[in-house]
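Engineer: below are the sequence and a predicted model; questions follow.
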Number of protein chains: 2
Amino acid sequence: MTAPTFTAVTPAVLEQIQAIVGENNMSTTQADIDLHAHDEGHHDAHPAEVVVWPRSAQQVADMLKLANENHIPVTPWGVGTGLEGNSIPVRGGILLSLQRMDKVVEVHMDDFQVTVEPGIPYMDLNEQLARYGLFFAPDPGANATIGGMLANNAAGIRTVKYGALRDNVLKMQVALADGRLIEVGSRSIKQSSGYDLLHLFVGSEGTLGVITQATLKLLPVPEHMIAAIAGFESVEDAIETVVAVRGSGIDVAALEFIDVTNTHAMNQAGAEIEPLPTLLMEVHSAHESSMAEDIAIVQEICEEMGASNFRATSDLAERKKLWHARHIAYETLRRINPGQRIWIMDVAVPISNYPALIAGARRIIDEAGIVGYMKGHAGDGNIHVELPFGDEETLEKVHVVNNAIVREALALEGTATGEHGVGIGKAQFMEEEHGESLNVMRSIKNLLDPNGILNPGKVFPE
Amino acid sequence: MTAPTFTAVTPAVLEQIQAIVGENNMSTTQADIDLHAHDEGHHDAHPAEVVVWPRSAQQVADMLKLANENHIPVTPWGVGTGLEGNSIPVRGGILLSLQRMDKVVEVHMDDFQVTVEPGIPYMDLNEQLARYGLFFAPDPGANATIGGMLANNAAGIRTVKYGALRDNVLKMQVALADGRLIEVGSRSIKQSSGYDLLHLFVGSEGTLGVITQATLKLLPVPEHMIAAIAGFESVEDAIETVVAVRGSGIDVAALEFIDVTNTHAMNQAGAEIEPLPTLLMEVHSAHESSMAEDIAIVQEICEEMGASNFRATSDLAERKKLWHARHIAYETLRRINPGQRIWIMDVAVPISNYPALIAGARRIIDEAGIVGYMKGHAGDGNIHVELPFGDEETLEKVHVVNNAIVREALALEGTATGEHGVGIGKAQFMEEEHGESLNVMRSIKNLLDPNGILNPGKVFPE
């Protein structure tokens, strides 16, 4: 696949954009361009030529048709919380922000479903759903939009119980590069009718189409929740405990590993954790009794593995404090490493290979002689390594460490990205991970986006 | 899409087949041709020209390459339990039976995963897994092969809790029409790396490729299981109870609706059910206490809705008797309707529209003046209607009833098939259900199988 050739956004094109979205829903000011030039990760910023905020699915489709006919790149944008440059407009062109399409279209109470526009952030959605006693389970941390989460197959803390985005969506409306609007999936939770296009678009990072509406699965808010925390003498003990808890068959709702360096960071955010390799867990249940039985088994396993400070709490304030500290851990790390940027990496492996992954990552970091913070959705075999850098020399080392850890994960039957997506950063590993499948992906990309206008420079190595 | 032109299986081609699989793994005898000319449904039989039993993924790939180069149709075959003609070789050519690729390749104990060849029947797999305390949850009833179940996105009785095939597979190896062997998905339960080709092949009914290996998710065998049965005064009461049980948030493992006609059939198989509109349920749990709490709530809901004979049992023999009667209900119906064939149909809707679907189906059947048995995986909004016919006149009516019920389901935001797949029978509804998406499916079909050799005559209307 050779890189496509693009055309600049001319005044004539700007006029056509205005005809589609109106002058209040587009901008070429430096402030707006800058705001949409970077995400939360370490990748370099790159400006688009125009930022456009469509207000309807038809406007999205019309924008794509216009861009396609004029060979102009289009980069979809949620709220910019990506970490691998997934929504950085690296080829310029049109930055298509879905932020003004943020309505709840319909709550289907009896079906435990909600239909939304793509620009609604998931925490806002959950606030609106609280009155129905329902919630949308995936919880990536930063307040991402539903559209961005779907495009990225985001996941997060509760995935071990509730699944990733691909497990929590039933139906979508998608605008294609040529301006067609299609519906994929079904509100029927069972469907065996034709090809599964729904999951083809989930996780395709805006390179195959733009999601303009989605119907999501919801769950009743669990009546009982209990959080637990335990520190271990060694990383190995903590990680073996993860495998043991998963193996017990207990359906934990969160099972997070936090290394010592990260406990310091979380304590700065008020967590009050002993500086030990730590597991942070949560159990949800409709019944108090079964929750108590579950947490007792978890405690037994932790203590067998040497945890001396196992602590469980169903107190709402205390639970919130712990999870808040976990959620803002990345921001805290940035704060305690002033003047430095942080490269945050993401890989995942089958759970049985998780101890080997953690040991390998630590060895690679130490051998490079740099600082690396580790934490991860351990119940899923998913680890994030945060690597601060302040100068070119360290950046060079961080780069080497990143690549070595990804290759370690691939060698352990894992994946180059568990939840952050490919974006710019992981494209170089796609050939190694997918082999001949990557050519099938390429051919599907060429089929649906022959001019290569949709989020160019992402997913595929060039 | 015009129907592709095919070439006959010549003696020269037979020689090439023999060079790939050996003479003991191919047959042109009438007995073998006849055995692979029909499935368990009502569709007319059609003979292949040769039956081939590859023994390895490479042999499957080589067979496809040969067929592709010679423009010969290939129809993949599991064990023939399909119901919509999904594996009937309607264009002749090569019948590719996967039955001799039936090995368990590897049990990944700590990961709760197993890697298998496609020809292993799921009940046989579960027998082999019992020693590990693990099981593969989907349970379509007839002892289908894993490959056939994946190709069809099969589901069944336990889908309400454990999901369909697409929810229970992590990775597959697939042979493409041009002879390439690719790997899709990952043993890592989290993966956000590139396009989701895994789910594109699941449910594609062998029209995009042939599954040659699969890694499945397993679960610990639940320690506690309880079955419950309740009869209601009216179909409406039974169906409203389904919606209420689902709405309670209790994670039932089975929630089956059985109409009066079907209770007679099940009693002939030893079920001892009162002749009332009936719900047959099951709850699984790791804890006896929470199971008891769950079943108490279910009982309360059933009795509020007028059930007078609620009965729950955790006795293994009694549970097995009930589920056995349910599993063989279709066979029993065939036995009590001697000399007749049975058209069994399958549609699904969002649960909130289930009462309307059941009422509509009953009205359509009664207006046509024919016999129709209804039962369904009610917890999923899925219904099967069994329509016996013994002559052309009744068949004509059955046809009309089938089409009307499918259109009723589509009007209720449902699907033409919840779990039996499209095959021959549902192809005519694809345009209505999918609209412009069907053209996207067609273009993907043409991309991956440009000569149209893979299971021709299925999924797409011609």
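Structural biologist: Alright, I've got the coordinates. Numbers count the residues shown, from 1 in each chain, chains lettered A, B, ... in the order given.
Engineer: list the contacts of residue A:220.
Structural biologist: By Cβ atoms under 8 Å, 6 or more residues apart in numbering or on different chains, the contact set of residue A:220 is A:112, A:133-135, A:286, B:249. Heads up, the C-betas are built off the backbone N, CA and C, glycines and all.
Engineer: what pLDDT does the model give it?
Structural biologist: On the pLDDT scale, residue A:220 is placed at 89.
Engineer: measure it to residue B:251 for me?
Structural biologist: 10 Å (Cβ to Cβ, to the nearest Å).
Engineer: between the two, which contacts overlap?
Structural biologist: With Cβ under 8 Å, 6+ apart, residue A:220 and residue B:251 have common neighbours residue A:286.
Engineer: could the contacts of residue A:220 be laid out in TSV, adding neighbour count?
Structural biologist: Listed next are these as TSV, based on neighbours: other Cβ atoms under 10 Å in any protein chain shown:
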residue	neighbour count
A:112	22
A:133	13
A:134	21
A:135	20
A:286	18
B:249	16
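Engineer: any idea which of these is closest to residue B:334?
Structural biologist: The nearest member of these to residue B:334, counting by Cβ to Cβ, is residue A:112 at 36.8 Å.
Engineer: quick check: closest non-adjacent residue to that closest one.
Structural biologist: Excluding the flanking residues, the one nearest residue A:112 by Cβ to Cβ, 6 or more residues apart in numbering or on different chains is residue A:218, at 4.6 Å.
Engineer: how about that neighbour, phi and psi?
Structural biologist: phi -120, psi 170 (degrees, to the nearest 10).
Engineer: surely residue A:76 and residue A:210 touch.
Structural biologist: Yes - taking Cβ atoms under 8 Å as the definition, residue A:76 is a contact partner of residue A:210 at 5.1 Å.
Engineer: now for the two: what residues contact both?
Structural biologist: What both residue A:76 and residue A:210 touch, as defined by Cβ under 8 Å, 6+ apart, is the set A:96, A:98, A:454.
Engineer: among those residues, which lie within helices?
Structural biologist: Secondary structure from DSSP state H places none of the shared contacts of residue A:76 and residue A:210 in helices.
Engineer: by neighbour count, which of those wins?
Structural biologist: residue A:96 (29 neighbours; other Cβ atoms under 10 Å in any protein chain shown).
Engineer: quick one, what contacts that residue?
Structural biologist: A:52, A:54, A:60, A:63, A:74-77, A:210.
Engineer: tell me which of these fall in strands.
Structural biologist: A:52, A:74-77, A:210 (DSSP state E).
Engineer: a markdown table for those residues, including pLDDT, distance to chain B and neighbour count?
Structural biologist: Listed next are the ones in strands among the contacts of residue A:96 as a markdown table, based on pLDDT from 0 to 100; distance: Cβ to the nearest Cβ, whole Å; neighbours: other Cβ atoms under 10 Å in any protein chain shown:
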| residue | pLDDT | distance to chain B | neighbour count |
| --- | --- | --- | --- |
| A:52 | 98 | 24 | 26 |
| A:74 | 98 | 18 | 28 |
| A:75 | 98 | 18 | 27 |
| A:76 | 98 | 16 | 27 |
| A:77 | 98 | 18 | 29 |
| A:210 | 98 | 14 | 27 |
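Engineer: in chain A, which helix is the longest?
Structural biologist: Chain A, longest helix under DSSP H: helix A:392-411.
Engineer: and for that helix, what's in contact with it?
Structural biologist: A:343, A:345, A:347-349, A:357, A:360-361, A:364-365, A:368-370, A:372, A:385, A:387-389, A:415-416, A:425-426, A:429, A:432-433.
Engineer: now, which of these lie within strands?
Structural biologist: Filtering those for strands - DSSP E - leaves A:343, A:345, A:347-348, A:385, A:387-389.
Engineer: which of those sit farthest apart?
Structural biologist: A:348 and A:389 (23.4 Å).
Engineer: what's the per-residue pLDDT of residue A:349 here?
Structural biologist: 97.
Engineer: can you check residue A:234 too?
Structural biologist: 93.
Engineer: neighbours of it, how many?
Structural biologist: 12.
Engineer: report the separation between it and residue A:462.
Structural biologist: 43 Å.
Engineer: next one: residue A:85
Structural biologist: 14 Å.
Engineer: what do you get for residue A:315?
Structural biologist: On the measure of Cβ to Cβ, residue A:315 and residue A:462 end up 52 Å apart.
Engineer: repeat that for residue A:156.
Structural biologist: 30 Å.
Engineer: those two - which one has more neighbours?
Structural biologist: More crowded of residue A:156 and residue A:462, by other Cβ under 10 Å: residue A:156, with 24 against 11.
Engineer: tell me, how many residues neighbour the nearest residue to that one once chain neighbours are set aside?
Structural biologist: Closest residue to residue A:156 apart from its sequence neighbours, by Cβ to Cβ, 6+ apart: residue A:140 at 3.8 Å. When counting by other Cβ under 10 Å, one arrives at 23 neighbours for residue A:140.
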